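Enquirer: below is the sequence, then the predicted model.
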Amino acid sequence: MKAIENVVGAIAVTVALAGCDLAALGNQLTSSNLTVVTLLATPPVELRPLAVAGIDASIPLGDAGVDAGALLADAGFTVPGQTIAFVFFGQKQGDGLTAPPMGITGAAVSATQAGTKHTIPELGGGTYQLLGSDGGLSYASGATYDFTIVHQTKTYGARLENAPAQETIPELHPAPGFVDLARNTALTLTRPAPAQGERNLAFVTVFPINRDRSKAQPTFTNVPMDPLGFLKLVAAPAEWKAATVTIPGSAFPDADKNYLVVLQSAKLGKTTTDNLFPASAILGGTADVGIVKTRP
């Protein structure tokens with residue numbers, strides 16, 4: 001409880017110093033509704049023939065099968081980039097940071113970028129998601145994104161300003177075009193120094209590239225796994241702002257296999273209406289991606 005009190009106190013001090021309306025702050029602190037918004041983008045990924053482990057095997061990527069022989073013939077394959085907007089809208093339970101929130105269904109959710117409004121479809125359970133390729137939503141560093149949630153007679157708002165640029169991680173881009181790593185070996189990623197201020201958040205996920213058409217489950221991630229995890233991230237983000245990120249060797253358990261390493265640089269946004277709990281999590285960013293090829 002002490003940590004939660006510190007968070008609420010820090011929010012109050014920050015808002016007061018910014019000259020915000022204290023009455024509006026009081027409304028936020030007592031609001032029962034909250035949101036988790038993530039706008040995350042990945043760039044195109046080029047998989048070169050020499051990076052492919054087990055070159056004699058067919059290696060489908062996602063839903064599109066790619067034969068290794070064809071990889072040799074056409075000098076590679078590019079996995080398209082993608083932008084995903086995900087919104088959770090719910091009602092906090094208790095103090096909002098120690099119990100999972102309850103999802104609210106039936107809301108109209110949208111994202112507006114450069115004057116263009118994009119509807120975010122409902123998935124169920126208080127979650128709403130839009131793939132950029134489906135709705136034309138794109139990611140641009142420096143851009144502003146406004147998210148609007150309309151439920152019954154009320155409107156809730158959140159904003160991501162000055163969306164961060166991609167962080168280039170040198171360890172993900174060695175000369176051969178892939179990281180040559182022994183299985184079960186840790187990999188440390190070095191983040192560049194920020195141009196100003198403190199570092200953005202860094203989310204790292206490792207996916208195996210399967211040789212069949214099954215969907216790959218991550219072998220490692222430091223991304224919160226539920227809305228409550230994201231709310232706690234807002235309260236204590238220091239872990240995700242470190243200068244280096246070490247991926248444990250357990251993320252690369254098998255030899256002669258390819259793994260996709262994604263480091264997502266993201267910043268926190270803010271709520272724009274006073275009817276959302278102030279610890280609501282609004283995050284957006286883009287990723288640097290590398291391929292790891294393991295050996296025994």
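Expert: In hand now; what should we look at? Residues are numbered from 1 along each chain as shown.
Enquirer: neighbours of the residue nearest to residue 187 when sequence neighbours are not counted, how many?
Expert: In space, and not counting its chain neighbours, residue 187 is closest to residue 247: 4.6 Å by CB to CB, 6 or more residues apart in numbering. For every residue, glycine as well, the C-beta is placed using N, CA and C. Close neighbours of residue 247, defined as other CB atoms under 10 Å, add up to 25.
Enquirer: ditto for residue 120
Expert: For residue 120, the tally of surrounding residues (other CB under 10 Å) stands at 23.
Enquirer: phi and psi next, for it.
Expert: Main-chain torsions, residue 120, degrees, to the nearest 10: phi -110, psi 110.
Enquirer: which residues touch it?
Expert: Contact partners of residue 120, counting by CB atoms under 8 Å, 6 or more residues apart in numbering, are 85, 87, 109, 110, 111, 128, 129, 130, 135.
Enquirer: next, name the residue at the spatial heart of the chain.
Expert: Here the mean C-alpha position of the chain is nearest to the C-alpha of residue 40 (CA atoms, centre = their mean), at a distance of 4.8 Å.
Enquirer: secondary structure class for that one?
Expert: Using DSSP: H, G, I helix; E, B strand; the rest coil as the criterion, the local structure at residue 40 reads strand.
Enquirer: follow-up on the earlier one: how near is the residue nearest to residue 187 to residue 190?
Expert: Distance, residue 247 to residue 190, by CB to CB, to the nearest Å: 12 Å.
Enquirer: cool, residue 165 as well?
Expert: Counting by CB to CB, the gap between residue 165 and residue 190 amounts to 17 Å.
Enquirer: check residue 204 too.
Expert: Applying CB to CB, one obtains 12 Å for the distance of residue 204 from residue 190.
Enquirer: in this structure residue 233 contacts residue 227, no?
Expert: No. Proximity of residue 233 to residue 227 does not meet the contact threshold set by CB atoms under 8 Å, at 10.5 Å.
Enquirer: find residues that contact each of those two.
Expert: Listed contacts common to residue 233 and residue 227 are residue 281; contacts here mean CB under 8 Å, 6+ apart.
Enquirer: ok, those two, which is more surrounded?
Expert: A side-by-side neighbour count of residue 233 and residue 227, using other CB under 10 Å, places residue 227 first with 23 against 20.
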